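Colleague: Using only what follows, build the 3D model:
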Amino acid sequence: CGLFSDIQGALLSSEKAISDAVLKLIGREECMVDMEQLRLPTRKGGLGIQCLTARNGIVCKAGFLAAASLAQQAMCTACESFQPFKGESERTLQQMWHEVSTACTCQGACTCEHMEAMSLTDALSGGMLPGLQRDMSLRVADILHDQLLGRYQARLAGADTKVAAEQHLARLHSVQHGVATAWLNILPTKEQWHIDNDTVKSALRFMLGLSPGPPSQSYFRCSCGFQGYNCHHAMTCDKMSGVRTLRHNLIQNSVRYGCSRAGCDTSWEPKEGDMQALQCGDEGYGRRGDILVSTLEDLLNVDISVTHPAMQTVRSKASKTPGAAAEERAKAKRRYHEKNGTPGYAFVPFSVETYGRLGKDADDLLKDLAERAASTGECDREGFMHWIRKEISLSLIRGNARVFRRYLGNLIRGTGTDFQQGDDTPTLGD
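Modeller: The predicted model follows:
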């Protein structure tokens, strides 16, 4: 058995190389980025960059113990010199076990107290060691996540830092959802899943709370008259409504595609009650539903909406409660449709936060579609959920990228002359 110090230098070098590559992709210096978020698992809104040297290499040491336990099982009948838990190597493992079993600083309900009282021999015989690295990795991730949230929560008390702190907390809660980071797991196995470099860069900057433009560009001027350092304005400005509608339609297409793949018939834009005679462009037309879904149990009127959790009206709630922005939007949509909707339609507010978190109704719809798809025996439930989340996630980051490109375009529109908008899909000249 070797020592962690023997490989620590090599691990630090490889971790730095990975971090540098990500920072180069994002286009930011390390001092500008929450490096803790980069190292969080994707389930907590991070990039899943493994940091084996964190907390004095505790995860690496746990992995060493796990590997040693598996080797011991394989070599239990062999010569003792080949058995990790015999002789000199056992003393090294005992020291590692002491460090690992007393390392966790969690508060409240956890297994730390039980671990401290358990000997290495008991842990080995009890089958605890093979999964030790995963367990310790989860604990370290929880600690890092709590520390990251705690840093911004401490800034809520300052009058000059409260707004920014609420915006960051709302973002960190929102990215902690399967849809928010599903795009990170997409492989370009088909043309529709190809992601261009600008969209990747935009998505990474947005989820990390960075300005969408170049590093030197922090001051924005919008065609509505807004001027300032708030990049969140792009997600709420009325002048950006056209490109935000495009984002809405991308998500709408993904949801409808998911309904079809689950075996449900669909149609566009069911017109309810007093909206029956409305045409596109008429006042109130946008209040209709988006997708009518036919099931044997009900006719579902699915209404897609995208909301920004860092905007002023919901920022305070979203900074405290994950999903608060999506739920507020769903409540507002439901109130309107309960008053003006058509009897016979079951209304489903499909609320999506700009960072990727879905509202409860939206999550429930996807779970129901997954159950329907799995009931045919042609696909499994989890596989369908992974697929549909990727589809929605990809549509969202593409839509967000369009919003930010248009927002940055407004800057040069106001500072130069003869503005020419770039093509949405660049091509060769004629």
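Colleague: any idea which residue sits dead centre in this structure?
Modeller: The residue lying closest to the centre of the chain (C-alpha atoms, centre = their mean) is residue 180, at 2.9 Å.
Colleague: What is the end-to-end distance of stretch 224-238?
Modeller: 8 Å (C-alpha to C-alpha, to the nearest Å).
Colleague: Buried residues, it. List them.
Modeller: 230-237 (16 or more other C-beta atoms under 10 Å). No exception for glycine: its C-beta is placed from N, CA and C like everyone else's.
Colleague: which one of those residues sits closest to residue 47?
Modeller: When the buried residues of stretch 224-238 are compared for distance to residue 47 (C-beta to C-beta), residue 231 wins out at 20.3 Å.
Colleague: check contacts around the closest one.
Modeller: Residue 231 makes contact with 211-213, 220, 407 under the criterion C-beta atoms under 8 Å, 6 or more residues apart in numbering.
Colleague: Apply 6 Å and report the result again.
Modeller: Residues in contact with residue 231 (C-beta atoms under 6 Å, 6 or more residues apart in numbering) are 211-212.
Colleague: Quick check: the gap between it and residue 308.
Modeller: 11 Å (C-beta to C-beta, to the nearest Å).
Colleague: which element follows the helix or strand where the residue nearest to the centre of the chain lies toward the C-terminus?
Modeller: For residue 180, the host element (DSSP states H and E) is helix 178-182. Once the chain leaves helix 178-182, the next helix or strand it forms, by DSSP H and E, is helix 197-207.
Colleague: next helix or strand past that next one?
Modeller: By DSSP H and E, the next helix or strand past helix 197-207 is strand 220-221.
Colleague: What pairs with that next one, parallel or antiparallel?
Modeller: strand 227-228 (antiparallel) (DSSP bridges).
Colleague: Pull out the buried positions in the top helix by length along the chain.
Modeller: The residue-count maximum for a helix in the chain (DSSP state H) belongs to helix 381-415. Buried residues in helix 381-415, counted by 16+ other C-beta under 10 Å: 384-385, 388-411, 413.
Colleague: which SS class is the nearest residue to residue 131 once chain neighbours are set aside?
Modeller: Take residue 131 and drop its neighbours on the chain: the residue closest to it by C-beta to C-beta, 6 or more residues apart in numbering is residue 66, 7.1 Å away. Per DSSP: H, G, I helix; E, B strand; the rest coil, the local secondary structure of residue 66 is helix.
Colleague: where's residue 66 relative to residue 252, distance?
Modeller: For residue 66, the distance to residue 252 - C-beta to C-beta - is 46 Å.
Colleague: Do a quick rundown of the strands in the chain.
Modeller: Using DSSP state E, the strands of the chain run over residues 220-221, 227-228, 265-268, 291-294, 299-307, 345-353.
Colleague: Quick check: which of these is buried the most?
Modeller: With neighbours defined as mean count of other C-beta atoms under 10 Å, those peak in mean count at strand 345-353, which reaches a mean of 24.
Colleague: rewinding a little: I'd like to know which of the buried residues of stretch 224-238 is nearest to residue 6.
Modeller: Using C-beta to C-beta, the buried residues of stretch 224-238 come closest to residue 6 at residue 231, 45.3 Å.
Colleague: Where does the prediction get shaky in the stretch 101-250 of the chain?
Modeller: 104-117 (pLDDT under 70).
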